[in-house]
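K.L.:
Quick one, structure for this:
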Amino acid sequence: MPEQGGQRGDQTNSFRLAFYLNARSGEVQTWSRRTDSSGSIRKTPLPEIDWCFNPRVLIVVGMEEFVLAGKPDPNIKLREVPHKPGVYLMKDRLKRVIYVGKARDLRKRLGQYFMPSRRMTADLKTRALLDSVWNFEFHIVRSEPEALLLEGKLIKEFRPKYNVSFRDDKRFLLVKVNLSDTIPRFQLTRLKKDDGCRYFGPFAHAGALRATLKWMRKRFGIRSCRVPEPGQSDYNRCMDHIIKNCSAPCIRRVTLDEYKARVLEACEFLEGQSQEMLKQIESEMKRAAENLDFERAAELRNMLDDLRRTTRPARRFERSSLPTSIDPKADLQALSEALLLPGSPTVMECFDISNISDAHIVASMVSFRNGVPDKSNYRRYRIRTVKGQDDFASMAEVVRRRYSRVLLANRNAAPELAEYSQESVPESAERIQRTNPEHLVRLPDLIIVDGGRGQLSAACKELQRLGLENVPIIGLAKEFEEIYRPGRPMPIKLPDDSGALQLLQRIRDEAHRFANGYHQLLMKKRIAESILDDCPGVSDNRKQALLKEFGSVDRLRKASVAEIERVDGISTKLAEGIYQFLHR
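P.N.:
Presented below is the predicted three-dimensional model:
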């Protein structure tokens with residue numbers, strides 16, 4: 001061993017340590033860079049180093065060179081991107097979509113992200129995005145409006161963390177017309193319902209759509225009043241017929257059949273059968289320009305642009321047609337193998353507790369069927385028997401309520417078959433499924449609780465009391481993404497890029513979202529109800545009576561003074577005061 005002074009013989013040569021990561025083997029190699037007495041530099045593997053222990057001589061440099069292995073070079077894939085409009089999806093190393101964007105030219109737009117100077121000039125959010133991007137994919141569309149529509153759909157589908165716009169529940173505008181009305185009219189809406197009405201859209205350009213509807217009402221004589229069935233009194237207060245913006249079907253200036261024919265013609269125009277009318281407007285624009293009426297020509301030009309934007313054919317992206325990078329079948333198979341399940345977990349149910357405060361403690365149960373959300377079987381609960389914030393007791397209550405109701409529903413579906421007491425509960429459910437499957441509420445193939453060993457233990461006790469101890473159940477702890485199983489002291493830790501773990505994360509996050517949404521709904525309702533606390537003359541008993549009668553403050557606000565007066569304990573004077581208070 002060398003002396004403390006660092007001399008070994010007559011050598012007192014200083015050296016540097018450098019650490020290298022071999023990208024092929026994945027091993028860390030340590031080398032020395034030695035400068036001898038002649039001034040030459042030698043690189044020596046670590047086992048051949050003459051160690052010097054003098055801190056004034058030894059200089060250690062960590063990570064002089066570092067080669068990051070595994071991350072693909074985006075510039076290689078960038079060569080495959082065409083110069084066409086479309087949508088791109090940025091993904092992290094776990095293949096999760098973290099950003100969705102649109103572009104008129106995909107090659108140019110994506111190329112801007114990976115320019116060396118981009119990181120130096122970008123803001124903090126873009127820098128964080130570029131640090132997280134591991135890969136990207138793109139989807140080509142036919143036009144910019146299609147790219148805008150697809151971008152909005154994908155953001156609502158994946159909810160990427162680096163997107164701000166389109167993450168709320170706001171949608172693109174639609175045009176709605178109810179042809180079964182006596183005097184139909186066109187109206188704007190953002191939500192498509194199964195109500196028998198005819199819908200057009202969605203439309204990416206709201207301004208162009210509103211200008212088109214204004215032109216349509218004048219061109220086809222379509223009414224714009226909001227009265228369901230206008231009559232003579234409505235006509236007397238309306239100016240649209242005087243300025244020739246309406247054909248006045250309310251007083252039968254045109255027959256109802258003629259008016260409905262105009263509405264159908266307007267529907268054909270919205271569907272894109274509008275070339276003749278567009279040519280007429282274009283000819284009128286050219287004539288105005290030839291007559292030096294440039295203001296009229298500019299007005300017609302702008303109108304023509306709006307009409308073409310609105311009536312240009314565009315694909316309508318439905319949920320089933322959205323591009324996705326998730327393979328549910330492969331993830332289910334991977335989960336079955338990781339948990340050693342007897343079969344693929346076709347039906348999975350996940351529970352989550354939301355107790356941000358003691359005011360409202362709620363729980364959610366979400367169901368996944370074949371690896372995708374089955375929203376018709378989502379359930380939400382208000383915790384009744386637990387005082388204070390106790391996740392374990394809350395989890396026990398919601399599991400008990402869910403599966404006791406399932407067992408009761410199955411017993412009611414086949415009471416003559418449920419009398420046998422020698423069978424276990426799963427065996428009885430399987431037999432009911434064979435004999436009376438249409439009324440069976442199926443038990444899940446896997447139960448997931450959001451939490452660790454404590455939540456799992458509380459859920460297992462309730463399942464054992466109900467005779468469902470053989471139903472597979474796990475707990476997913478969020479901090480380290482560990483999977484806990486009954487009777488196993490050590491949790492399972494799956495790789496971050498495992499499809500099984502990503503499937504569990506999706507169902508856990510969906511349960512968390514559903515529970516938080518219900519909690520926020522109750523908090524908003526509580527805030528709305530507290531408005532009555534400031535109303536003079538309204539005590540707690542009267543407030544409860546009003547809410548019991550009308551259900552909510554919004555319905556109370558729409559009620560008349562006579563309707564408010566009918567509530568027990570509310571006088572005429574107080575009803576007038578409440579009405580004025582809510583409409584101030």
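
K.L.:
hey, let's count contacts and neighbours off CA atoms from now on
P.N.:
Fine.

K.L.:
Okay, now the unreliable bits of the stretch 451-584 of the chain?
P.N.:
523-530 (pLDDT under 70).

K.L.:
And for the chain?
P.N.:
For the chain, the stretches with pLDDT under 70 are 1-71, 165-170, 274, 312-326, 356-359, 413-441, 523-530.

K.L.:
Domain boundaries for it, per the record?
P.N.:
According to automatic domain parsing, the chain comprises the domains 1-69, 74-158, 173-311, 334-517, 535-582.

K.L.:
possible to save those domains as CSV with mean neighbour count and distance to residue 164?
P.N.:
As requested, these are exported to CSV (neighbours: other CA atoms under 10 Å; distance: least, CA to CA, whole Å):
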stretch, mean neighbour count, distance to residue 164
domain 1-69, 14, 31
domain 74-158, 17, 9
domain 173-311, 16, 18
domain 334-517, 18, 17
domain 535-582, 15, 30
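
K.L.:
Residue 327: which of those is closest?
P.N.:
If you check each of those against residue 327 by CA to CA, domain 334-517 wins as the nearest, at 8.3 Å.

K.L.:
Who is residue 103 paired with across the strands?
P.N.:
Here residue 103 shows beta-bridge partners residue 86, assigned using DSSP bridges.

K.L.:
Tell me who's in contact with it.
P.N.:
85, 86, 87, 88, 109, 144, 147 (CA atoms under 8 Å, 6 or more residues apart in numbering).

K.L.:
Am I right that the first one is in contact with residue 145?
P.N.:
Going back to what we said before, that points to residue 85. No. Residue 85 is beyond contact range of residue 145, at 9.6 Å (criterion: CA atoms under 8 Å).

K.L.:
of all the contacts of residue 103, which comes closest to residue 478?
P.N.:
Nearest member of the contacts of residue 103 to residue 478, counting by CA to CA, is residue 88, at 29.5 Å.

K.L.:
how about a markdown table for the domains of the chain, with distance to residue 328 added?
P.N.:
Converted to a markdown table, the domains of the chain look like this (distance: least, CA to CA, whole Å):
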| stretch | distance to residue 328 |
| --- | --- |
| domain 1-69 | 28 |
| domain 74-158 | 14 |
| domain 173-311 | 28 |
| domain 334-517 | 5 |
| domain 535-582 | 41 |
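
K.L.:
quick one, strands of the stretch 351-500 of the chain?
P.N.:
362-369, 372-373, 379-382, 446-450, 473-477, 482-484 (DSSP state E, counting those that start in this stretch).

K.L.:
what's the answer for the stretch 51-200 of the chain, then?
P.N.:
Going by DSSP E, counting those that start in this stretch, the stretch 51-200 of the chain shows strands at 59-60, 86-91, 97-103, 135-140, 173-177, 186-189, 198-203.

K.L.:
Ok, which of those strands comes nearest residue 365?
P.N.:
Using CA to CA, the nearest of these to residue 365 is strand 97-103, at 24.7 Å.

K.L.:
Report the distance from the closest one to the chain centre.
P.N.:
14 Å (CA atoms, centre = their mean, to the nearest Å).

K.L.:
if we can go back for a sec, turn the strands of the stretch 51-200 of the chain into TSV, columns for distance to residue 220.
P.N.:
Shown next, in TSV, are the strands of the stretch 51-200 of the chain (distance: least, CA to CA, whole Å):
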stretch	distance to residue 220
strand 59-60	83
strand 86-91	36
strand 97-103	36
strand 135-140	37
strand 173-177	14
strand 186-189	12
strand 198-203	17
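
K.L.:
Among the ones you listed, which comes closest to residue 567?
P.N.:
Nearest of the strands of the stretch 51-200 of the chain (CA to CA): strand 186-189, 35.6 Å.

K.L.:
Please save the CA atoms from the closest one in CSV.
P.N.:
Output in CSV follows, covering the C-alpha atoms of strand 186-189 (Å, rounded to 0.1, in the frame of the first residue of the first chain):
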residue,chain,number,x,y,z
PHE,A,186,-81.6,26.6,-36.7
GLN,A,187,-79.7,27.0,-33.4
LEU,A,188,-76.2,26.6,-32.2
THR,A,189,-75.2,24.0,-29.6
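
K.L.:
Name the residues that touch it?
P.N.:
Taking CA under 8 Å, 6+ apart as the rule, strand 186-189 contacts 173, 174, 175, 176, 177, 222, 224.

K.L.:
Tell me which residues are up against stretch 80-88.
P.N.:
100-108, 136-144, 147, 150-151.

K.L.:
run the last query once more with 10 Å
P.N.:
99-111, 136-151, 154 (CA atoms under 10 Å, 6 or more residues apart in numbering).

K.L.:
That one: end-to-end distance?
P.N.:
Start-to-end span of stretch 80-88 (CA to CA, to the nearest Å) is 13 Å.

K.L.:
Stretch 89-106 now?
P.N.:
Taking CA to CA, stretch 89-106 runs 11 Å from one end to the other.

K.L.:
From residue 97, how far out is residue 469?
P.N.:
37 Å.

K.L.:
Residue 265 is in contact with residue 273, isn't it?
P.N.:
Yes. Contact between residue 265 and residue 273 holds when scored by CA atoms under 10 Å: they sit 9.3 Å apart.

K.L.:
Can you tell me, leaving aside adjacent residues, what's nearest to residue 179?
P.N.:
residue 197 (6.8 Å; CA to CA, 6 or more residues apart in numbering).

K.L.:
so what's the one you found up against?
P.N.:
With CA under 10 Å, 6+ apart, residue 197 has these contacts: 176, 177, 178, 179, 180, 181.

K.L.:
Residue 335 now?
P.N.:
329, 341, 343-345, 494, 498-504 are the contacts of residue 335 under CA under 10 Å, 6+ apart.

K.L.:
helix or strand for it, which one?
P.N.:
Assigned by DSSP states H and E, residue 335 belongs to helix 328-339.

K.L.:
got the CA positions of that helix in CSV?
P.N.:
Coordinates of each C-alpha in helix 328-339 appear next as CSV, following Å, rounded to 0.1, in the frame of the first residue of the first chain:
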residue,chain,number,x,y,z
PRO,A,328,-55.6,-3.3,-24.4
LYS,A,329,-55.3,-7.0,-25.3
ALA,A,330,-51.6,-7.1,-24.9
ASP,A,331,-51.8,-5.2,-21.6
LEU,A,332,-54.4,-7.6,-20.3
GLN,A,333,-52.3,-10.5,-21.2
ALA,A,334,-49.2,-9.0,-19.5
LEU,A,335,-51.3,-8.2,-16.4
SER,A,336,-52.6,-11.8,-16.2
GLU,A,337,-49.0,-13.1,-16.4
ALA,A,338,-47.6,-10.7,-13.9
LEU,A,339,-50.3,-11.4,-11.3
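
K.L.:
Sweet, I'm off.
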